[in-house]
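> Following is a predicted model, sequence given first.
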Amino acid sequence: MMEFNNNPQTQNQNNWQHQLDKFVRDNQKELAALAWGLNLEKGETDETIGIDLKGTPKFVYCSKTAIERFNRNVDGKIQEILGLIDGYKPEVEVLMIAIGDGQIKLVYFQPEISPPNCFEELGQDVDSLLEILETGMSECIVLETKE
């Protein structure tokens with residue numbers, strides 16, 4: 001979906017989302033490897049990987065209960081995200097929820113090679129991937145602060 005927006009204030013508010021899109025495009029293999037590595041560590045769970053962009057960007061877990069509560073608080077506007085979470089297949093796709101400036105953005109893609117193969121090819125452990133990706137996000141994603 002293409003966004004056309006001539007309002008500079010709204011463009012600034014959406015800026016972190018565009019920065020995140022670029023980061024995801026540039027780091028698909030690493031994100032897929034991390035998602036698979038975290039899946040291996042965590043096992044069967046109702047938690048979804050989140051990216052907290054407030055302060056220093058970091059990966060977090062979002063419980064399904066918290067996401068459902070948020071959906072109720074926004075009058076069901078993220079119902080589709082809940083459907084994707086329910087059908088998520090970690091062996092073939094990546095699903096994360098980015099949280100920034102009172103907004104959320106879905107990070108959802110199917111990498112060229114499967115997440116397990118990305119994890120194997122990169123040969124990094126989860127802690128190393130977390131460090132690499134969190135450092136990378138800190139360098140390229142900047143939340144506009146409200147004065």
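Now that the structure is in, tell me what you want to look at.

> Strands along the protein, start to end?
All strands of the chain, identified by DSSP state E, fall at 47-52, 58-63, 94-100, 103-109.

> residues in contact with the residue nearest in space to the middle of the chain?
With distances taken as C-alpha atoms, centre = their mean, residue 96 lies nearest the centre of the chain, 3.4 Å away. Contact analysis of residue 96 by C-beta atoms under 8 Å, 6 or more residues apart in numbering lists 31, 35, 48-51, 59, 106-108. The C-beta positions use only the backbone N, C-alpha and C, and glycine is treated the same way.

> Quick one: the strands of the chain as CSV, columns for mean pLDDT and distance to residue 17 too.
Output for the strands of the chain, formatted as CSV (pLDDT from 0 to 100; distance: least, C-beta to C-beta, whole Å):
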stretch, mean pLDDT, distance to residue 17
strand 47-52, 95, 12
strand 58-63, 95, 17
strand 94-100, 94, 8
strand 103-109, 93, 5
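
> which one of those strands lies closest to residue 74?
strand 103-109 (9.1 Å; C-beta to C-beta).

> re earlier: which of the contacts of residue 96 count as buried?
Among the contacts of residue 96, those classed as buried by 16 or more other C-beta atoms under 10 Å are 31, 35, 48-51, 59, 107.

> tell me which of those residues is nearest to residue 92?
Looking across the buried ones among the contacts of residue 96 and measuring by C-beta to C-beta, the closest to residue 92 is residue 35, at 10.8 Å.
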